[in-house]
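> With the input below, show me the fold.
(2 chains)
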Amino acid sequence: MRPHALPMKRMGILVVLLSLLLGGCWDRLEINDMAIVTGTAIDKQEDKYMVTVQFPLPSQMGGAGSQGGGGGTSGSKSWHQRVGVATSLQEANAQVQNRLSRRLNFSHRRIILIGEQAAKAGIDPILDTLGRVPQKRLSSLLVITEGSAQKTLGTQTPVEQYPAEAVRELIQLSLRQPTPIKTVYQAMLTDGVDPSAPYIALVPLHSADSPEETAQTLSLEGIALFNSRNKLAGFVKDEEAKGLGLAMDMYRHPSLTIKVEDGEATVNVVITNQQISKKTRVTGRDVTAVLDFRLICIVSENTSPYPFVKDQDLLKKLVSQEVERLVKKGVKQAQALGADPIGIGESISRDDPAAWKRIKGDWERIYPRTKLIVRAQVEIENAGIFAKPINPQEKEQK
Amino acid sequence: MGPIHPELARNVASLKQAFSDCSDVVFRFLRVHNRPAMVLFIDGLVDATQISEGVLQSLLDERNVDALISEVSTSSLDKTADLAEVQNLVLTGSAVLLCEGLSTGYVLNIRGGERRGVEEPATESVIRGPREGFTENLRTNTALIRFRIRSSQLKMVSFLIGRRTKTPVVLTYLEGLARPEIIEEAKRRLAAIDIDGVLETSYLEEIIEDHPSSPFPQFQYTERPDTAAGQLLEGRFAILVDGTPFALIAPATFWQLMQASEDYYERYVFTNFLRMLRFALMLLALFLPSFYIATITFHPEMLPTSLLLSIAAAREAIPFPVLVEALIMEISFEALREAGVRLPKTVGQAVSILGALVIGQAAVQAGIVSAPMVIVVAMTGIASFTMPRFNLAISIRLLRFPLMLLAGTLGLVGIVAGVYVIIHHASRLQSFGVPYLSGIAPFHSRDLKDIFIRAPRGRMKTRPVSLTGETSQRMNSETENG
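Okay, the predicted model is just below:
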């Protein structure tokens, strides 16, 4: 008998026994039996949740060998949506599953849309459900929609294969820090910072062949702010969103359009790099937050008569002023909504834990009165290749 | 049969009886010194020109046999007194002269006949390197090795194996380089063989290897004398068998079977690139189908969404589970390869066209297999063709199937279990007392220079630790440049 014969046999038995212990891992599922969920929209109607799941239809996606298949009632769309309505999210999902011939697979869902109503009612129960099942990944992006999330998720997006992908790409493209749900959990669990998420809305789509505004498209409008009870406090858009976004270091390459000397002339700068340091001071019950920006900009447009290539002091000053104005405007609105997305409270708890302990209980009343000091140090990295503006009336800077 | 009788007729009678119904055995009667004589040989085994011109012509010149014999231009001449030996000698291709009144037979060593010449090896071609390959003739093969290693330390121990075939077998090694206990063991195993016949080296391989039921080959075989010489210089031994152009080389390690002969002829930088590629492709050939099966059926979350969706789209119309699909494709691929090897070259083209259709577009369009599976099978096939040693490639091909079944039932857990079993098995294997994975397990840092990489020749100063026992110098330090 060869020396290794017995151990091999023993090991064979061991492998068989060990694999019996892995009964829970028996999750074989053919792709053909799966509905790969790419996005979920969660809405609330009175006391019931309406959950919409979106999944692509592989037979409609034009893969090889699929020419003969398909032929469902879904028309030419390559994706499909199913809706479940129930008092709990899990129940609504189960309802969708019960009426679907394929197993829902959530492991590829990277977009979760929450409608305005559901967000206002509070995102605690939603995030609880999302966090419990391992198949639902924590890197899914959370997006709040203005109005109905279902309608937003169902928007036709000819550019991408399915709308959920369009939402994801839109968010990924514009935001330096999108909000995966793990970030939201962090904000919910950390003292002194309130959750926030990008919000999207449907806007009219102006297209050349249909002048009347029938089609709608997705647009990243701004930031949805939550209060300390994790309920939607409100939306911030336009200049306020830009300012708040700067303070939160949220956007990828924010651009600022700055008016020069009261007139029509503007300079457009793009911020390519920014660093923020946050400091807080507590005196009694008065809180002052200092935001120090270090910005690197490039000049992308210049209709002013100043050639900024030679002398940049004026431009630096203008950018600095603009940043200060925008940030103050944005944070002021957040304060008015009672939401602290920047985490000023958290800053206090770090800078001065004793003071934070003292004012923590009353933070909701103290926060809106927080004074804000914004300072911006600006570097111009590239003023353009034109030494002079293409404008005959060149002026010397004052 | 007894000794040779002075009376020729009696010898002829007993030999005729022994060779009855052997139409290729030639009894040539003639008169030498007015005495009846006979030359006995097998037509086809002896050199026809030497027989007719050298032997028969001289014999017919009626002179003294002894003087005549010295004139015969044969390479060697022996005498024998035993009829049984005469019979054996004739069977191995000698001609024997028997004379009336003499109880001695003269053995004319004029082996010849039609033999293939030294040609370029068909199975191991190289771009740079010698073009000579072994032939079916044992003496040619030993000479090809001796030609490369001109040393009296190159030993060639002869064996005659096979009760019926009486095949000459030569065990060759370099004395002082090969570990004596390994050589003794090889001699012992060869001597113990009692078998009807040996037609190819694989007869011996299966009998003397340590673990015949293992999927891993424990011998390297080669058609190249330079490869054989190289292995002898590392302290291995080679077994040459008459009638086959393949030499067996042992003790073999897994890493040795991953080396190609050309690795030592090309620039080492390029060789290292190829070696790494080869190891990567070996893993691919072993795991790609099972990994595909496991990911698709158990762990779809591991794939990028867009990739999963295109696979899903391609698989939508496929009626089989991935495991079945993979088995269909892999088995038909193996079948095609087998058909391609067995068929004559003229029909072989038809097989490749059919193969391209079956494993290609048609199967996909018919909705029987999906396009991604075709890619997986094709990649696996190409990867398995890069294995430098065919016998290792076969084991990799074979091990792929249990891994696929494991992947189809237990997913990645199954693959890991399979890998565990394979590594466990391989690390227990031995070839003539040398661990199969030696260099890595047991670990010898000195041997790393020729496992995953091939170090520049200036750095390859020592022979493999596992073969020589201690580190021994192969190269003088001063040879190195710089």
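> now A:R176: how far from A:P198?
Noted for A:R176: a distance of 11 Å to A:P198, by C-beta to C-beta, to the nearest Å. Just so you know, the C-beta spots here come from the backbone N, C-alpha and C atoms, and that holds for glycine as well.
> So if I had to pick from these two, which one is more boxed in?
A:P198 (25 against 14; other C-beta atoms under 10 Å in any protein chain shown).
> how close does the more buried one get to A:T217?
In terms of C-beta to C-beta, A:P198 sits 16 Å off from A:T217.
> How about the residues of the stretch 151-300 of chain A by chain B?
Neighbours of chain B within the stretch 151-300 of chain A, by C-beta under 8 Å from any C-beta of the partner chain: A:Q161.
> So which residues of the stretch 151-300 of chain A form strands?
For the stretch 151-300 of chain A, the strands defined by DSSP state E, counting those that start in this stretch occupy A:196-204, A:216-226, A:232-237, A:255-259, A:266-283, A:286-302.
> Pull the distance from the last one to the chain's centre.
Read it as strand A:286-302. In terms of C-alpha atoms, centre = their mean, to the nearest Å, the centre of strand A:286-302 is found 22 Å from the chain centre.
> Quick one: residues contacting whichever residue of the stretch 101-250 of chain A sits closest to chain B.
Nearest to chain B, among the residues of the stretch 101-250 of chain A, is A:S107, at 3.4 Å (C-beta to the nearest C-beta). With contact set as C-beta atoms under 8 Å, 6 or more residues apart in numbering or on different chains, A:S107 has these partners: A:Q135, A:K136, A:R137, B:P300, B:E301.
> Swap in 10 Å and give it another go.
A:34, A:36-37, A:133-137, B:299-303, B:305, B:308 (C-beta atoms under 10 Å, 6 or more residues apart in numbering or on different chains).
> And A:S78, by the same measure?
A:P56, A:L57, A:P58, A:S59, A:Q60, A:M61, A:G62, A:G70, A:Q161, A:Y162, B:L309, B:A313.
> Looking at those residues, spot the one nearest B:E206.
Closest approach to B:E206 among the contacts of A:S78 (C-beta to C-beta): B:A313, at 49.1 Å.
> Quick check: that closest one is in a helix.
Yes - B:A313: assigned to a helix according to DSSP: H, G, I helix; E, B strand; the rest coil.
> Burial check on it, number of neighbours?
Look at B:A313: counted by other C-beta under 10 Å, it has 26 neighbours.
> Please determine how far it is located from A:M61.
For B:A313, the distance to A:M61 equals 4 Å [C-beta to C-beta].
> And B:V347, by the same measure?
Taking C-beta to C-beta, one finds B:V347 at 42 Å from A:M61.
> Specify the local secondary structure of A:T52.
strand.
> So what's the residue count around it?
25.
> what's near enough to touch it?
A:39-43, A:81-85, A:92, A:96, A:113, A:115, A:148-154.
> Narrow those residues to those that are buried.
Neighbour counting with 16 or more other C-beta atoms under 10 Å in any protein chain shown marks A:39-43, A:81-84, A:92, A:96, A:113, A:115, A:148-154 as buried within the contacts of A:T52.
> Just the ones in helices from those residues, please.
If you go by DSSP state H, those have A:A92, A:V96, A:A149, A:Q150, A:K151, A:T152, A:L153 in helices.
> For the fifth one, which non-adjacent residue is spatially closest?
Same thing as A:K151. A:L202 (6.9 Å; C-beta to C-beta, 6 or more residues apart in numbering or on different chains).
> ok, now how distant is that neighbour from A:A149?
For A:L202, the distance to A:A149 - C-beta to C-beta - is 11 Å.
> my read: A:Q274 touches A:V327, true?
No - the criterion here is C-beta atoms under 10 Å, and A:Q274 misses it with A:V327 at 11.3 Å.
> neighbour-wise, which of those two wins?
More neighbours surround A:V327 than the other of A:Q274 and A:V327, with 25 against 19 (other C-beta under 10 Å).
> Enumerate every residue touching that one.
A:240, A:242-248, A:276, A:291, A:293, A:342, A:372, A:374, A:376 are the contacts of A:V327 under C-beta under 10 Å, 6+ apart.
> A:S349 too?
A:T190, A:D191, A:G192, A:V193, A:T280, A:G343, A:A355, A:W356, A:K357, A:K360, A:W363.
> So it lies in a helix, does it not?
Yes - under three-state DSSP, A:S349 falls within a helix.
> Could you identify the longest helix within chain A?
Chain A, longest helix under DSSP H: helix A:313-337.
> gap between that one and the chain center?
So, by C-alpha atoms, centre = their mean, the centroid of helix A:313-337 is 22 Å from its chain's centroid.
> Can you check the pLDDT for residue 18?
Using chain A. pLDDT recorded at A:L18 is 73.
> hmm, I had chain B in mind actually
88.
> For B:I318, which non-adjacent residue is spatially closest?
For B:I318, ignoring the flanking residues on the chain, the nearest one in space by C-beta to C-beta, 6+ apart is B:S370 at 5.1 Å.
> What distance do you get for the one you found to B:S384?
21 Å.
> now do B:R179
34 Å.
> Residue 119 in helix, strand or coil?
Assuming you mean chain A. Per three-state DSSP, A:A119 ends up helix.
> think we crossed wires, I meant chain B
coil.
> And the residue of chain B closest to chain A?
Closest point on chain B to chain A, by C-beta to the nearest C-beta, is B:A313, at 2.6 Å.
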